[in-house]
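>>> Attaching a predicted model along with its sequence, questions to come.
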Amino acid sequence: MQIPTDIFTNIAMTTTAMTRSARFLLKPVLLMLMLVALSACNKKNAPEEDETKPDPMVVNATGPLLAQVKVAEASTAPVSDVLRVAGRIDFDEQRLARIGSSVNGRVTDLNVQLGQHVNKGEVLAKLHSSELSTAQLTYLKARAQMELARRGAERAQSLYATDVISSAELQRRTSEFEVASAETRAARDQLRVLGLPQGSIDELSKSGAIDSIAPVVSTIKGVVVDRKVAVGQVVQPADNLFVVADLSRLWAVAQVPEQQVSQVQEGQSVRIEVPALNNEHLLGKLIYVGQTINPDTRTVLVRTELDNHDGRLKPAMLASMLIQSAPVEQLVVPLSAIVREDDSDHVFIALDDHQFRLTRVKLGPESNGHRVVLEGLKVGEKIVIEGSFHLNNERNRQDAE
């Protein structure tokens, strides 16, 4: 570059007109201005650099690599959301019996232990009860009084037929018999309330022998899962002495948060994961969804039934309940199409027959070998569903070159 001579002439004239001290200060400034002017001229005359660079997200596939690539249109599929809530295994309340004594008394014998299988009607314990003795004595007195009144009414009927007594006397004796019969029936019903079976009542009527031993019997067939009584203990009808459960069927229960109640309803498919069984999946359906919300936990109780004839499940086991909602059509991509790059999910979109662009997408949870697309892809776009791994390796190689 040629610098005009008039510039240097002007600078020289100006420098001459200034004092020695001023010239000393101005020289560095003038030198800087000259350097800037030279630099600008060099840049203007330098050839322009090529600013076009290949897109690092696009890969060209040819030959054997292209043969490994399979392309398909992005499409929708029915997807069900899965709600996971913590739960537990519990007794089936319809197959559970809390058994107590029907009389006040003292325990004299215990016939069963915890975990023992019992049949319906089997005697679990025996009590000595003065209350039962008193009730039996009352019944015997009422029955004897009824027999006496019956004979008196029959005799009065004969005497009235021969005009020995009046009709008023006949009615009186007949009324006495009816009252005695009612008292006998009431005394018999009281024995039934106290747990005495009809066979024992009939035997008491024949023999007249009072038995103060009251049995405590099981009302269902099952396993003794709780026992709250000891020999010598005084009990009353309000006490629960035994708990017997039929463990062939159990419940799985869970508490669903209030915000997710709309996702559950009776009849939905449910999978149960039990850690104690190596997270084995047990299948079932919701048989109950609570109609009220627990004000303390803000949750709703849900329940399903589980078969347990093999006895592997135990009440109070921890479990996770996976509730599957009704399927909804959503855009999905197969797992084979997903490329993990820079801690993000990507897919390859086909640009033409041999060019593919790595595109970032936002994906939802996995479902049946697919993942729901939340952002970054539209229905109908052509994506690579096989060979994505090899394409990404080739893209990285081309980018490095």
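Everything's here; your move.
>>> all strands of the stretch 151-300 of the chain, in order?
Taking DSSP state E, counting those that start in this stretch as the criterion, the stretch 151-300 of the chain carries its strands at 213-217, 222-227, 234-235, 242-245, 249-257, 269-274, 280-289, 299-307.
>>> Which positions within the second one qualify as buried?
It stands for strand 222-227. Using 16 or more other Cβ atoms under 10 Å as the test for burial, strand 222-227 gives Gly222, Val223, Val224, Val225, Arg227. Where you see a C-beta, it was placed from the backbone N, CA and C, and this is true even at glycine.
>>> Output the below-cut-off pLDDT ranges for the chain.
1-53, 326 (pLDDT under 70).
>>> okay, which residue is most central for it?
Met321 (3.1 Å; Cα atoms, centre = their mean).
>>> could you measure the nearest residue to Asp55 once chain neighbours are set aside against Leu247, distance?
Of all residues not flanking Asp55 in the chain, Arg357 sits nearest, at 7.4 Å (Cβ to Cβ, 6 or more residues apart in numbering). As for Arg357, its distance to Leu247 is 60 Å (criterion: Cβ to Cβ, to the nearest Å).
>>> Same drill for those two, tell me which one is more crowded.
Each of Arg357 and Leu247 had its neighbours counted (other Cβ atoms under 10 Å), and the higher figure belongs to Leu247 (19 against 15).
>>> The more buried one against Gly222, yeah?
Yes - here Leu247 reaches Gly222: they are 6.8 Å apart, a contact under Cβ atoms under 8 Å.
>>> Domains in this structure, by residue range?
According to automatic domain parsing, the chain comprises the domains 5-45, 58-79+328-400, 130-211, 246-324.
>>> Gln116 is nearest to which of these?
Taking Cβ to Cβ, domain 246-324 is the member of the domains of the chain nearest to Gln116, at 12.7 Å.
>>> mind checking the end-to-end distance for that closest one?
By Cα to Cα, to the nearest Å, the extent of domain 246-324 from end to end equals 29 Å.
>>> burial measure for Val373, as a count.
Using other Cβ under 10 Å, Val373 has 22 other residues around it.
>>> Please disregard the earlier target; I meant Ala153.
A count of nearby residues for Ala153, using other Cβ under 10 Å, gives 19.
>>> got the contact list for the closest residue in space to it that isn't next to it in sequence?
Closest residue in space to Ala153, ignoring its immediate chain neighbours: Phe177 at 4.1 Å, by Cβ to Cβ, 6+ apart. If you count contacts by Cβ atoms under 8 Å, 6 or more residues apart in numbering, Phe177 has them with Met146, Ala149, Arg150, Gly152, Ala153.
>>> Verify the stated contact: the last one with Arg172.
No - distance between Ala153 and Arg172: 9.5 Å, which falls outside the contact criterion (Cβ under 8 Å).
>>> can you list contacts of stretch 192-206?
101-103, 129, 131-132, 135-136, 139-140, 143, 188, 191, 210-211, 214-217.
>>> Quickly note the distance from Ser344 to Leu277.
37 Å.
>>> how about Lys70, what does it touch?
Going by Cβ under 8 Å, 6+ apart, the list of residues near Lys70 reads Val384, Ile385, Glu386, Gly387.
>>> close enough to count as contact, Ser344 and Arg360?
Yes - counting by Cβ under 8 Å, Ser344 does reach Arg360; the two are 5.5 Å apart.
>>> all helices for the stretch 151-300 of the chain, in order.
For the stretch 151-300 of the chain, helices defined by DSSP state H, counting those that start in this stretch occupy the ranges 167-193, 198-207.
>>> Leu306 is nearest to which of those helices?
Ranking the helices of the stretch 151-300 of the chain by proximity to Leu306 (Cβ to Cβ) places helix 167-193 first, at 37.6 Å.
>>> Around the residue lying closest to Arg98 once chain neighbours are set aside, how many other residues sit close by?
Leaving aside its sequence neighbours, Arg98 sits nearest to Asn240 (Cβ to Cβ, 6+ apart; 4.7 Å). A total of 15 residues lie near Asn240 under the criterion other Cβ under 10 Å.
>>> Compare Ser344 and Arg360 and say which is more crowded by neighbours.
Taking other Cβ under 10 Å, Ser344 and Arg360 do not tie; Arg360 has more neighbours (15 against 12).
>>> mind checking the SS state of the more buried one?
strand (DSSP: H, G, I helix; E, B strand; the rest coil).
>>> give the contact list for it.
By Cβ under 8 Å, 6+ apart, the neighbours of Arg360 are Ser344, Asp345, His346, Gly376.
>>> try it again with 10 Å
By Cβ atoms under 10 Å, 6 or more residues apart in numbering, the contact list for Arg360 reads Met57, Val339, Glu341, Asp342, Ser344, Asp345, His346, Val347, Glu375, Gly376, Leu377.
>>> hang on, the earlier thing: please look at the residue nearest to the centre of the chain and Leu283 and confirm they touch.
No - in this structure, Met321 is not within contact of Leu283 by Cβ atoms under 10 Å, at 11.7 Å.
>>> Please enumerate the shared neighbours of these two.
Val270, Arg271, Ile272, Thr304.
>>> Of those, just say which sits nearest to Glu93.
Closest to Glu93, out of all of those and judged by Cβ to Cβ, is Thr304, at 13.6 Å.
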